Every structure is written in structure tokens, then in C-alpha cells.
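**Q** The sequence isn't on hand, but the structure is:
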């Protein structure tokens, strides 16, 4: 993020209004986001403007949406019936010891045909999104050059593909390629990541077909999770 | 729509209560769909924006408490921002507008401050009508049509910097009028 500049207070009020209107661009937008997260007075100003501007919708008449939207929404958000129970166990909520054992047991076949005799640390991540139901599990053996992925829920938006990124602290995202449509997949890892896997955050963005042009993410982050040793 | 009721439903949705989500949808979807349609004009696009809006509501309801917005403002702002993101998505270099409260880690306004903001907000329309008409149109254009500075400068046929200055003066006048 761009380092925020010192801004006089009258500009601050304007920055807040501009942000609430969605007019902030570039450095102003970065500044506004930074201040919103760190400066309570600024957050209050933005909230006050949002409250005011929302009045512009007062005379917009309600329109009953077609029934199919609600149906589709509920199906997309709660796809439970479509995912077998065993795979729901992969959702590592409130991980218990037993769950870790089960997880390791279930995870190994994704990496190799037989359980390993040698104890190699295994790292895993649950990739989840804020903006949608996409959920994947990632698992990788320390020192390995590929990551195993299992899709639990969600899919790419229509006409888009999902692209996987590895993010190391203070570094730009590194593309690991476009994800195939399969439920279980293996993705090669570049050498530069080996030895640093514990610091890697995996992210999935939606991108135009063929993947992000120019090697940097352009779409929305659909799912995100940090690799951790299990 | 009763503010307390919507607030309660959002609080229950924050706890992943699906029945509450269902009820919230029934209560507010028509208003939010109206907003999406107003911004996007096209029905199919508005339907997609609505769907995204409710996914965001489901996923972020737990952050609602901290942002100090009235419940309908929070919901409407998500619908409006989501629609405008969709409207602008085809333009290159577009950065999404944030979901209100998502980016917030500084604590928002206290209930008293929120109440003041609420009573000031009621004056927006009156104060907007008191502005020079072009400036009021520019504010509406930015909020309801997602127009950027460049779009607005085009529309009013003035240089970009002039547009910025205009809008700045307009917003400062608006702020003063509303706080009186």
C-alpha cells in the first residue's frame, strides 16, 4: 500500500465524501482505505456521508425481484446437499486432535499413493472467500514442488476462470496458474517457494479466460488462506 | 420497515441463522432490487448485482455492528456499491468500491454520533436542492450512476480539475447546510 500522506483536516472531510461517493481513485483511494482502517474520526466522517447519500435512494420505488433469484441465492450460499458429508469434515472448524488425524489420513492420498513412512511436515490451508461460496482445501508436503487442491464448494463466475496465486510477505502475488475445473487437482510450485512454504498465503481470483493478463491479479479475490503446518 | 426488526435480523444473520437470512431477504429485497435496477437499468445485470449483494450481506453481517450505519443504509450502500462495481467493471483499471464496514478496523461512530449523522442525513435532499443545479446533478450522477470525475467532466463539458473543484465546493456547501 502507498504510504499515506499527511492531509489537512478540510481535505480530510472532502476525502471522506469522495470515498463515500466512490470517486476516489489511485493514491486517494489508497489513502482513504488506510485512514478508514486506522483513523476513527475519518471512519465517522465516511459513515456520516454514507448515511446522507443513502437518502438519494429514498424515492426509488421497491421492485419485487423474481422468485428465481432467491432460489438461486440460497442454493449458491448453502450448497450443502451437493457436497458429500465426508468432504464437509474437511471444513476444519474447531479443529480437534481427532480431526487433524482424520485430515492427515484423508490428505495423504492427494499427495502420494501410500502413506509416508518418513515424517515430513505437511502444510495445509483452507481457502475461503468473503464475497462468495468458493471454498478449497490446499495441502502440500514440506519440500515438495506441488500443491494438492480439493474444491469443496463454489465455482468460477460465468465466463471467468479461477487463478491461483502464492503470496509471500512484502512481495507481489506469484501466479501458480489457472485452476482446472476438476474437484481434485495438483498444481506445480515454483522453486522460489520451497523453504518458505510456511509463509505462503494462497489466494484465488477470478480472471478473464486464459488467466490474468500481465501476470498480476486483476479480478476479485474469491478465496484466501494461509498455509500452516498441521 | 422497522429499524429494530432489520437490525435484529442482521444480528441473527451474523450468527449464520438461515431463517433470519430468509426473512431479511423477504423484508428488504424489493428495496435493494429497486436500487440495483436504478443504477444498472438492465434487469439481468440488476439480478446478478442483487445476488452478489445478498452473498455479501450473508458473509459480512458480523461486521455490521462496528460501522455505525443505520441498517437500511448499510444494506442500500452494499447494493449501490455492488451495482456500481458491475457498471464500471468493463472499464480498465477499475478498483472495486469497498463493502461498508469491511475495511473498517477503526471503531465507527458511537450511538450518539450515529444519531447526529442520521438527523443530518435527513436534510440531504433539501440541501442538495439548495445547491447550484449542476453541482447537485454531479453528486447524484456520482452516487446513482457511478460516474467518475472523467465521466462528470465529459457530461458537463469542463476540464477534469474544474470538475473536481466544483464537486469539492458543492460537497463542502452540502456539509455546511446539513450541519445547520
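**A** Yep, it's here. Fair warning: this is a prediction, and the values are worked out from it, not measured in the lab.

**Q** what's the neighbour count on residue 49?
**A** Going with chain A. 25 (other CB atoms under 10 Å in any protein chain shown). No exception for glycine: its C-beta is placed from N, CA and C like everyone else's.

**Q** my bad, chain B
**A** Residue B:49, neighbours per other CB under 10 Å, totals 28.

**Q** dump the residue contacts of it.
**A** Contact partners of residue B:49, counting by CB atoms under 8 Å, 6 or more residues apart in numbering or on different chains, are B:36, B:39-40, B:79, B:82-83, B:86.

**Q** Include neighbour count and distance to chain A when you put these into JSON lines, please.
**A** Converted to JSON lines, those look like this (neighbours: other CB atoms under 10 Å in any protein chain shown; distance: CB to the nearest CB, whole Å):
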{"residue": "B:36", "neighbour count": "31", "distance to chain A": "9"}
{"residue": "B:39", "neighbour count": "25", "distance to chain A": "9"}
{"residue": "B:40", "neighbour count": "22", "distance to chain A": "12"}
{"residue": "B:79", "neighbour count": "29", "distance to chain A": "9"}
{"residue": "B:82", "neighbour count": "28", "distance to chain A": "9"}
{"residue": "B:83", "neighbour count": "28", "distance to chain A": "11"}
{"residue": "B:86", "neighbour count": "20", "distance to chain A": "11"}
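
**Q** In helices, which of the residues you listed fall?
**A** B:36, B:39-40, B:79, B:82-83, B:86 (DSSP state H).

**Q** What are the contacting residues of stretch A:137-148?
**A** In contact with stretch A:137-148 (CB under 8 Å, 6+ apart) are residues A:90, A:107, A:110-111, A:116, A:120-127, A:149-150, A:152, A:176, A:184-189, A:191, A:194-195, A:197, A:202, A:225, A:227, A:229.

**Q** So the closest residue to residue A:61 other than its chain neighbours: helix, strand or coil?
**A** Nearest non-adjacent residue to residue A:61, counting by CB to CB, 6 or more residues apart in numbering or on different chains: residue B:34, 5.6 Å away. Under the three-state scheme (DSSP: H, G, I helix; E, B strand; the rest coil), residue B:34 adopts helix.

**Q** Report how many residues lie close to residue B:34.
**A** Residue B:34: 21 neighbours (other CB under 10 Å).

**Q** how does chain A divide up, domain by domain?
**A** A:9-57, A:82-229 (automatic domain parsing).

**Q** Output these as a markdown table; include the columns mean pLDDT.
**A** As requested, the domains of chain A are exported to a markdown table (pLDDT from 0 to 100):
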| stretch | mean pLDDT |
| --- | --- |
| domain A:9-57 | 87 |
| domain A:82-229 | 75 |
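
**Q** Point out where chain B drops to low pLDDT.
**A** B:1, B:66, B:90-109, B:111 (pLDDT under 70).

**Q** Just give me the neighbour total for residue A:28.
**A** Neighbour number of residue A:28 under other CB under 10 Å is 18.

**Q** if we can go back for a sec, which one of the domains of chain A lies nearest to residue B:171?
**A** domain A:9-57 (4.5 Å; CB to CB).

**Q** Can you show me the helices along the chain?
**A** Let's take chain A. Counting by DSSP H, the helices of chain A are A:9-21, A:26-38, A:40-53, A:67-77, A:85-88, A:97-111.

**Q** sorry, should have said chain B
**A** Using DSSP H, helices in chain B cover B:3-14, B:18-40, B:43-60, B:71-88, B:111-121, B:124-130, B:133-145, B:149-156, B:160-179.

**Q** what's the nearest residue to residue A:48 if we skip its chain neighbours?
**A** residue B:117 (3.9 Å).

**Q** Near the one you found, how many other residues are there?
**A** Residues near residue B:117, counting by other CB under 10 Å: 23.

**Q** thought it was touching residue A:46?
**A** No - the criterion here is CB atoms under 8 Å, and residue B:117 misses it with residue A:46 at 10.3 Å.
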